[in-house]
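In: sequence? don't have it. structure:
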Ligand code: GDP
């Protein structure tokens, strides 16, 4: 009788294990939640075994949950391979993206470039004409200081302007716009491994700015550049954000570490970095929450995430995502974030949806932080490294 009971128990356990394996197939996610108190649950796509062989047993990679004060449970990190019928995207490298996406920008900014060139091409520029130039630049959100700089410089060149051909005029304008876009600012992204540890990128910003989308796009840029990436879904306030991120990751074969809804964001960030270290990834990119009701709550939360991450590995880049369509409001918001964490770069999103491309200039001048990436659409690869001259060329059209 006892044997029969034991046999039934074994059967039930085997059945449950089989079901959980089936449910987990096709996902590339580390889940850090209540159930994971005994360790980390890792579900990811498995390599496809040839039809005539049995699935290979998992090989341990040595990833542990010890950093969370949990028993050093070993989890498996198999190589990224798509499920049958699922093909990973292979995004193009980031180089030259701004030039490729130039038409996106030109479409919304063309009024700026065309407007300026029409005025500057007039035979003799009057005070009214210069005022028009000034108004056009201000309307594009370039800001007073940069507008004054451009107008002053163009005025000193007015003799040259008077005899310039259309092409020369365009070139002069591009030069002046490039000059206010900070062509010499260091826009290198801190995504590379340092001292045997992955680069850690923390992405912050208010909800709706395009933060999660940007993290997904950054993962694609990095994968396109041949890097191995781990994503951390530390926006635990919204399950949808983690789902969204996971989908982005799955498309390019990148693992996402996520936690229980409402769980501790710092614990998820910690776990993502730990996984990145264990997997010897090049970069860990962490999405954070943007919806906190008080400024001090936000500061505390982000500060904590950064501190906890840095127990394992330094944060090599803090990117602030700003929605370009919010104009000066975005700059005000940005200040709150710069007080909370040491922001090292700005990602300006939705530049395809605004005629106020000059916001790049205001953001850089007012925050003293370089714009490193720009979002030019909702498509997965509509994110480009910012380049001052290519941007100026695009807005002049
Ligand atoms: P989050 O709340 O900050 O994480 O914002 P999401 O990533 O969810 O993005 C909010 C919305 O902005 C989504 O509909 C995105 O598709 C959209 N979005 C993000 N970046 C861009 C961009 O560069 N251009 C356009 N047109 N839409 C964008």
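Out: Done, it's in. If you're wondering where the values come from, they're calculated on a predicted model, not measured in any experiment.
In: how about the strands in the protein?
Out: Along the chain, counting by DSSP state E, strands occupy 29-32, 41-43, 199-204, 229-234, 255-259, 283-288, 317-323, 345-349, 371-375, 383-385.
In: Tabulate those strands (CSV), appending mean pLDDT and distance to residue 113.
Out: Every residue, glycine included, has its C-beta placed from N, CA and C. Output for those, formatted as CSV (pLDDT from 0 to 100; distance: least, Cβ to Cβ, whole Å):
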stretch, mean pLDDT, distance to residue 113
strand 29-32, 62, 45
strand 41-43, 36, 50
strand 199-204, 97, 31
strand 229-234, 97, 36
strand 255-259, 96, 41
strand 283-288, 97, 34
strand 317-323, 96, 23
strand 345-349, 97, 18
strand 371-375, 96, 17
strand 383-385, 94, 18
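In: Take the ones you listed and write them to TSV, including distance to residue 114.
Out: Shown next, in TSV, are the strands of the chain (distance: least, Cβ to Cβ, whole Å):
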stretch	distance to residue 114
strand 29-32	48
strand 41-43	53
strand 199-204	35
strand 229-234	40
strand 255-259	44
strand 283-288	38
strand 317-323	25
strand 345-349	22
strand 371-375	21
strand 383-385	22
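In: Out of those strands, flag the one nearest the ligand.
Out: strand 371-375 (2.5 Å; Cβ to the nearest ligand atom).
In: Select, out of the strands of the chain, the one closest to residue 150.
Out: Nearest of those to residue 150, taken as Cβ to Cβ: strand 371-375 at 17.9 Å.
In: Give me the contact list for that closest one.
Out: Taking contacts as Cβ atoms under 8 Å, 6 or more residues apart in numbering, the residues outside strand 371-375 that touch it are 98, 187, 189, 210, 213-214, 217-218, 319, 324, 345-352, 360, 363-364, 382-386, 391.
In: check these against the ligand, which are close?
Out: Intersecting the contacts of strand 371-375 with the contacts of the ligand gives 210, 213, 349-350, 352, 382 (criterion: Cβ under 6 Å from any ligand atom).
In: okay if I get those residues as a markdown table plus neighbour count?
Out: As requested, these are exported to a markdown table (neighbours: other Cβ atoms under 10 Å):
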| residue | neighbour count |
| --- | --- |
| 210 | 21 |
| 213 | 21 |
| 349 | 30 |
| 350 | 21 |
| 352 | 22 |
| 382 | 19 |
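In: Residue numbers of the chain in contact with the ligand?
Out: So the chain meets the ligand at 205, 207-213, 241, 290, 349-350, 352-353, 375-378, 382 (Cβ under 6 Å from any ligand atom).
In: mind listing which of those are in helices?
Out: In helices, defined here by DSSP state H, the members of the residues of the chain next to the ligand are 211-213, 241.
In: now for those, which pair is the farthest apart?
Out: 213 and 241 (10.1 Å).
In: how far does stretch 190-203 sit from the chain's center?
Out: 14 Å (Cα atoms, centre = their mean, to the nearest Å).
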